[in-house]
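Undergrad: My questions are about this predicted structure, shown below with the sequence.
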Amino acid sequence: MITAPAEAAGMTALEQIDSRPLTKNQKNLISLVVVGNVSEFFDMFLIGFAVSSLLKDPAWHLKGFEAGWIIAMSGLGTVIGAIAWGRLADRIGRKAAFSWCVLLFTVFTLASVFTPNDGWIMLAICRIFVGIGVGGLNITSIPYMQEFVPAKQRGLLSGLASVFIPFGLFLGSVAQMIVGSNWRLLIALGVIPIFLLFWLRMVPESPRFLQSRGRTAEARNALAWALEFPVERLGALPEITSIQSASYSVIFSKYLRPLVIITLGSFCFILGSAVIQGWGQSILGSGYKFSPGMVGALFMVVSLGDLLGRLSSAWLADRIGRRWTMFGFGLVGALGLLLAAASAMIVGAAHWDVSTAGWIFFVGILIAMTFGDGAFGILNAFGAEQFPNEARSTGLGLGYGIGATAKVFGPALLGSVFGTTVTLDSIPPAFALFAVLLVFGGIAYLFAKETKGMSLDSI
């Protein structure tokens with residue numbers, strides 16, 4: 001246990017957190033949240049690689065429409081999960097919600113492995129429940145972490161929950177390269193995160209949740225655990241002005257403005273990235289004729305670009321502010337989507353080889369994922385900061401959950417347009433639309449309240 005420096009007289013518990021460097025326990029919690037998000041989204045990304053294999057599997061006879069719905073159902077699950085778990089996290093606690101999310105998605109991932117040939121409906125249903133678990137994890141983990149870290153670093157540190165999510169895509173790419181076309185084994189790897197439940201036993205429940213339930217002694221112990229000194233040295237806890245968490249009706253009546261901003265912004269930023277994550281592998285493989293090994297290698301690069309983008313947005317948010325970070329990343333990401341849209345037109349206009357145009361498409365989605373999806377390094381952390389303590393998880397879950405319908409709309413739309421096979425003539429109008437919406441999303445966040453450097457209790 002470290003020795004605490006002499007605190008100023010009357011310093012509160014939150015001021016103690018703000019005045020001290022991160023402890024081993026704080027870093028342990030941050031690591032848990034990061035690994036949890038990487039693990040859950042590793043599973044979500046695996047379905048894109050699995051569908052790419054199923055489209056070529058003669059035993060499945062899978063059509064583009066059916067593949068689109070398998071991918072879209074994962075998105076539907078995340079919508080349900082974000083809305084439901086956001087509210088539940090405020091009712092049963094962040095840690096408890098985190099645990100149930102992990103358990104839910106791993107159980108139904110395992111069930112997906114036993115889907116019979118041509119059983120795309122069963123696979124789609126399993127993916128709904130996987131998505132419910134995954135959709136709740138990011139929503140519950142960000143407010144959870146925010147309660148334990150200094151305000152001046154909150155953008156970067158809470159953003160880390162989303163920053164390393166692309167590493168899940170990287171791991172999925174590596175797994176796809178190693179496993180090849182064995183989609184059952186590929187999906188089975190998504191069960192590994194069940195071991196997170198043992199790690200969760202080492203960390204305490206949210207102090208604000210405990211305090212709101214009258215469990216003040218436990219709340220003090222949780223913050224003393226984070227600071228790594230005896231609870232007797234802990235300053236006063238912030239006063240709780242609202243004991244019960246806000247209901248959905250309160251969110252709509254009292255916090256409609258931030259709800260609308262988060263909903264529109266999330267929808268616009270999610271749409272393009274959801275299509276790339278769900279259909280990018282199939283477009284490169286079936287449309288642009290890249291080999292499975294090459295597709296896996298290229299998506300490793302995409303995942304690294306996305307990771308760097310998320311890290312940059314989280315870092316910039318504490319320096320130039322959340323609003324301008326979101327706006328700038330939206331604009332640059334839209335340029336990448338426009339380049340991807342132009343790749344298919346170049347094939348006909350310049351009479352280039354299809355694979356050459358495929359490289360242009362790849363560069364376009366690399367830019368789009370680095371900036372458009374890279375904005376997720378701060379997107380949900382910023383969204384959570386738009387609501388006060390009693391409404392934080394519920395408001396974020398509802399706004400992001402409604403916005404996450406883009407995960408259903410985008411892949412299903414593109415799957416319907418493709419029909420039975422992946423065709424390049426459908427790419428320009430679809431990706432141009434995604435680009436326009438991404439610009440609109442960046443503008444939407446300019447109307448949000450700037451929260452750089454503000455304490456959670458002053459919001």
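TA: Great, that's in hand. This one's a predicted model, so the numbers in the text were calculated from it and none came from an experiment.
Undergrad: For stretch 376-392, measure first residue to last.
TA: Taking CA to CA, to the nearest Å, stretch 376-392 runs 18 Å from one end to the other.
Undergrad: Name the residues of the worst-scoring helix or strand of the chain on mean pLDDT that are buried.
TA: The helix or strand of the chain with the poorest confidence is helix 406-418; it has a mean of 73 (mean pLDDT, DSSP states H and E). Using 16 or more other CB atoms under 10 Å as the test for burial, helix 406-418 gives 406-415, 417-418. To be clear about C-beta, it is placed using only N, CA and C from the backbone, and glycine gets the same treatment.
Undergrad: Ok, stretch 181-188 next?
TA: Residues of stretch 181-188 classed as buried by neighbour count (16+ other CB under 10 Å): 183, 186-188.
Undergrad: residues making contact with it?
TA: 43, 46-47, 49-50, 53-54, 56-57, 109-110, 112-113, 175-176, 179, 292 (CB atoms under 8 Å, 6 or more residues apart in numbering).
Undergrad: Just give me how far stretch 308-326 sits from the chain centre.
TA: Centre-to-centre, stretch 308-326 and its host chain are 16 Å apart (CA atoms, centre = their mean, to the nearest Å).
Undergrad: hmm, I was thinking of stretch 377-396
TA: 14 Å.
Undergrad: follow-up on the earlier one: dump the buried residues of stretch 181-188 to JSON lines, plus secondary structure and distance to residue 394.
TA: Converted to JSON lines, those look like this (DSSP: H, G, I helix; E, B strand; the rest coil; distance: CB to CB, whole Å):
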{"residue": "183", "secondary structure": "helix", "distance to residue 394": "37"}
{"residue": "186", "secondary structure": "helix", "distance to residue 394": "35"}
{"residue": "187", "secondary structure": "helix", "distance to residue 394": "32"}
{"residue": "188", "secondary structure": "helix", "distance to residue 394": "35"}
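Undergrad: how about a markdown table for those, with distance to residue 276 and pLDDT added?
TA: Formatted as a markdown table, the buried residues of stretch 181-188 follow (distance: CB to CB, whole Å; pLDDT from 0 to 100):
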| residue | distance to residue 276 | pLDDT |
| --- | --- | --- |
| 183 | 20 | 83 |
| 186 | 19 | 84 |
| 187 | 20 | 85 |
| 188 | 25 | 87 |
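Undergrad: Out of those, the closest to residue 142 would be?
TA: Comparing the buried residues of stretch 181-188 against residue 142 with CB to CB places residue 187 closest, at 26.8 Å.
Undergrad: ok, and for the one helix or strand residue 323 maps to, which residues are buried?
TA: Using DSSP states H and E, residue 323 sits within helix 322-349. Residues 322-344, 346-347 are the ones in helix 322-349 that count as buried (16+ other CB under 10 Å).
Undergrad: Same check on stretch 253-273?
TA: Buried-residue list, stretch 253-273, by 16+ other CB under 10 Å: 255, 258-259, 261-273.
Undergrad: tell me which element residue 170 falls in.
TA: helix 166-179.
Undergrad: Isn't residue 427 up against residue 284?
TA: No. Using CB atoms under 8 Å, residue 427 makes no contact with residue 284, being 11.3 Å away.
Undergrad: Need the residues touching each of the two.
TA: residue 361.
Undergrad: angle of the top helix by length along the chain against helix 166-179?
TA: Of all segments of type helix in the chain, defined using DSSP state H, the longest is helix 24-54. If you take axes from the mean of the first three to the mean of the last three CA atoms, to 10 degrees, helix 24-54 sits at 50 degrees to helix 166-179.
Undergrad: following helix 24-54, which helix or strand shows up next?
TA: Defined by DSSP H and E, the subsequent element after helix 24-54 is helix 64-92.
Undergrad: quick one, whichever helix or strand comes after that next one and helix 64-92 angle?
TA: For helix 64-92, the succeeding helix or strand toward the C-terminus, using DSSP H and E, is helix 94-113. Angle of helix 94-113 versus helix 64-92, following the same axes, to 10 degrees, is 160 degrees.
Undergrad: Could you pull out the buried residues of helix 94-113?
TA: Quick answer for helix 94-113 (16+ other CB under 10 Å): 94-102, 104-106, 108-113.
Undergrad: Show me the contact partners of that helix.
TA: With CB under 8 Å, 6+ apart as the test, helix 94-113 has contacts from 36, 40, 43, 81, 85, 88-89, 123, 126-127, 129-134, 136-137, 140-141, 143-144, 147, 184, 187-188, 190-191, 193-194, 196-197, 200, 203-206, 209, 393.
Undergrad: change it to 7 Å
TA: Outside of helix 94-113, the residues within contact range by CB atoms under 7 Å, 6 or more residues apart in numbering are 36, 40, 43, 85, 88-89, 123, 126-127, 129-130, 132-134, 136-137, 140-141, 143-144, 184, 187-188, 190-191, 193-194, 196-197, 200, 203, 205-206, 209.
Undergrad: Among the buried residues of stretch 253-273, which one lies nearest to residue 316?
TA: Among the buried residues of stretch 253-273, and counting by CB to CB, the member closest to residue 316 is residue 269, at 15.7 Å.
Undergrad: Without its sequence neighbours, what residue ends up closest to the closest one?
TA: Closest residue in space to residue 269, ignoring its immediate chain neighbours: residue 441 at 4.8 Å, by CB to CB, 6 or more residues apart in numbering.
Undergrad: tally of neighbours for the one you found?
TA: 30 (other CB atoms under 10 Å).
Undergrad: check which helix or strand covers it.
TA: Using DSSP H and E, residue 441 sits within helix 427-444.
Undergrad: What helices and strands are in contact with that helix?
TA: The contact analysis (3 or more CB pairs under 7 Å, 6 or more residues apart in numbering; DSSP states H and E) places helix 427-444 against helix 256-282, helix 322-349.
Undergrad: Nearest to residue 157, out of those helices?
TA: Across those (criterion: CB to CB), the nearest stretch is helix 322-349, sitting at 14.0 Å.
Undergrad: Quick one: list the elements packing against the closest one.
TA: Using 3+ CB pairs under 7 Å, 6+ apart: helix 322-349 touches helix 292-317, helix 354-367, helix 379-384, helix 427-444.
Undergrad: buried sites along the shortest one?
TA: It refers to helix 379-384. Residues of helix 379-384 classed as buried by neighbour count (16+ other CB under 10 Å): 379-384.
Undergrad: Please apply the same query to the second one.
TA: Neighbour counts using 16+ other CB under 10 Å place 357-362, 364-367 of helix 354-367 among the buried residues.
Undergrad: Using CSV, write out the CA atom coordinates for that helix.
TA: Extracted in CSV, the C-alpha atoms of helix 354-367 (Å, rounded to 0.1, in the frame of the first residue of the first chain):
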residue,chain,number,x,y,z
VAL,A,354,-10.8,-5.0,-60.4
SER,A,355,-8.2,-5.7,-57.8
THR,A,356,-6.5,-2.4,-58.5
ALA,A,357,-9.7,-0.6,-57.7
GLY,A,358,-9.9,-2.8,-54.7
TRP,A,359,-6.8,-1.2,-53.3
ILE,A,360,-8.5,2.2,-53.7
PHE,A,361,-11.5,0.8,-51.8
PHE,A,362,-9.2,-0.4,-49.1
VAL,A,363,-7.5,3.0,-48.7
GLY,A,364,-10.9,4.6,-48.4
ILE,A,365,-12.2,2.3,-45.7
LEU,A,366,-8.8,2.6,-43.9
ILE,A,367,-9.3,6.4,-43.7
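Undergrad: Perfect, I'm done here.
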